[in-house]
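A.B. asks: Predicted structure and sequence below. I'll ask about it afterward.
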Amino acid sequence: MQVYLVGGAVRDQLLNLPVHDRDWVVVGTTPEDMRAHGYQAVGKDFPVFLHPTSKEEYALARTERKTGLGYTGFDCYFAKEVTIEEDLMRRDLTINAIAQDPQGNLIDPYHGIDDLEQRQLRHVSDAFAEDPLRVLRVARFAAKLHHLGFCVADETIDLMRQVALSGELNHLTPERVWQEWHKSLTTPTPHKFLEVLKECGALEYVLPEIDALFGVPQPEKWHPEIDTGIHTLMVAEQAAQLSHSPVVRFAAQVHDLGKGVTPKEEWPSHKRHCYTGIKIIKALCQRVRVPSEYRDLALDVCEQHTNLHNALQLKPATLVKIFNKLKLWRQPQRLEQVLLACAADHKGRLGCEHIAYPIHEYVTEAFKTAEQIKAQDIINDGFKGKDISEEQSRRRIQAIANFKTAYLA
């Protein structure tokens with residue numbers, strides 16, 4: 001029995017990145033032998049076992065043959081005679097097809113080390129095109145490694161384009177689409193995920209709501225980049241720099257979806273996009289099975305980002321209404337999330353990347369001022385029943401009015 005460390009652990013080790021998970025391939029054994037040595041079988045479609053002590057995954061070396069549609073349409077063959085080189089051939093990218101033996105020797109039959117040095121994301125073989133999930137995986141690796149200088153090889157983009165045109169992407173389950181999208185949101189450059197999918201033509205099949213933004217113009221006065229799709233990529237990039245939260249990053253990426261359905265005769269204006277976007281975000285989140293935490297923040301940002309951009313012009317009473325709508329009195333931490341997404345929107349415009357967003361400070365301090373108005377103080381002053389909430393609202397409005405006067409002085 002020969003055991004090899006494979007995949008991302010070897011890749012990240014060679015790139016001097018933190019190794020979070022380790023996967024192993026076992027050559028020259030059988031499922032019966034693995035169980036006899038105390039390994040616990042967990043694989044459904046092919047033999048995968050948990051180590052008796054470390055609980056890390058050990059998979060038997062295998063080959064795959066395409067037999068149906070989608071990423072599950074494969075027959076797996078595993079036997080003692082399957083070699084490590086044959087196992088590595090079925091992998092997606094050369095940089096993920098490197099193995100390491102217990103002595104530290106590297107097995108690199110498909111020149112993954114060369115591609116690591118050349119910063120290339122390149123497919124191992126033409127069998128890459130048989131698995132549509134790999135299109136999303138490559139886009140996600142582009143997002144993960146872009147900051148190190150990696151880009152997708154031209155010939156791999158061509159193969160991804162073939163997969164997109166084949167219709168295979170339609171067989172991806174919503175859960176797998178969200179899984180890859182979500183993973184991309186935790187990378188250093190999440191916008192690259194969307195950018196690569198757009199480049200290979202996959203975005204219109206996987207996330208058509210975002211793809212619809214490309215080619216849609218905005219007023220040049222406010223958006224020198226003009227194209228809404230380009231703006232979305234820029235906002236996604238800024239959000240990643242402002243926040244590590246994937247929830248905030250998601251909200252930033254989808255905040256302008258309403259612009260994708262603005263009638264052409266109204267271009268470049270998008271006066272109702274904050275409202276039309278709500279329905280689109282709800283449908284997208286339902287289709288791709290986006291968790292409610294992500295959906296709810298995205299809806300709040302979509303509805304309120306234009307209002308908050310104009311916060312200095314809003315009446316104090318309007319600000320209090322916005323705070324009520326966002327339910328900030330019960331979840332005050334939500335304001336920071338919303339404002340970070342708004343700041344990303346502000347900075348995600350051509351030439352505006354380094355322009356400050358004073359609204360962030362103003363709205364934060366206005367809320368803190370209003371938050372000091374406590375119901376108990378109003379009760380102590382003799383108010384009862386519905387008069388309590390009405391008086392609290394009145395005092396909050398007055399507190400913000402006083403703060404605004406001092407802020408602008």
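C.D. replies: Here it is on my side, so go on. Residues are numbered from 1 along each chain as shown.

A.B. asks: what is the rounded mean pLDDT of stretch 118-131?
C.D. replies: Confidence over stretch 118-131, taken as the mean pLDDT, stands at 94.

A.B. asks: so how far is the first residue of that stretch from its last?
C.D. replies: 25 Å (C-alpha to C-alpha, to the nearest Å).

A.B. asks: just stretch 241-255 next, same as before
C.D. replies: By C-alpha to C-alpha, one end of stretch 241-255 lies 17 Å from the other end.

A.B. asks: Check which residues of that stretch are buried.
C.D. replies: Neighbour counts over stretch 241-255 (16 or more other C-beta atoms under 10 Å) mark 242-243, 245-255 as buried. Where you see a C-beta, it was placed from the backbone N, CA and C, and this is true even at glycine.

A.B. asks: Dump these to a markdown table, plus distance to Lys80.
C.D. replies: Formatted as a markdown table, the buried residues of stretch 241-255 follow (distance: C-beta to C-beta, whole Å):
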| residue | distance to Lys80 |
| --- | --- |
| Leu242 | 53 |
| Ser243 | 50 |
| Ser245 | 48 |
| Pro246 | 43 |
| Val247 | 47 |
| Val248 | 50 |
| Arg249 | 46 |
| Phe250 | 46 |
| Ala251 | 51 |
| Ala252 | 51 |
| Gln253 | 47 |
| Val254 | 50 |
| His255 | 54 |
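
A.B. asks: Tell me which residue is most central in this structure.
C.D. replies: Leu185 (2.7 Å; C-alpha atoms, centre = their mean).

A.B. asks: wait, what's in contact with that one?
C.D. replies: Going by C-beta atoms under 8 Å, 6 or more residues apart in numbering, Leu185 touches 246, 249-250.

A.B. asks: Reformat those residues as JSON lines; add distance to Gln333.
C.D. replies: Formatted as JSON lines, these follow (distance: C-beta to C-beta, whole Å):
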{"residue": "Pro246", "distance to Gln333": "16"}
{"residue": "Arg249", "distance to Gln333": "16"}
{"residue": "Phe250", "distance to Gln333": "17"}
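
A.B. asks: residue ranges with poor pLDDT in the chain?
C.D. replies: Confidence mapping of the chain against pLDDT under 70 gives the ranges 45, 65-75.

A.B. asks: and with 90 instead?
C.D. replies: For the chain, residues meeting the criterion pLDDT under 90 lie at 1, 20-21, 42-47, 62-81, 127, 130, 409.
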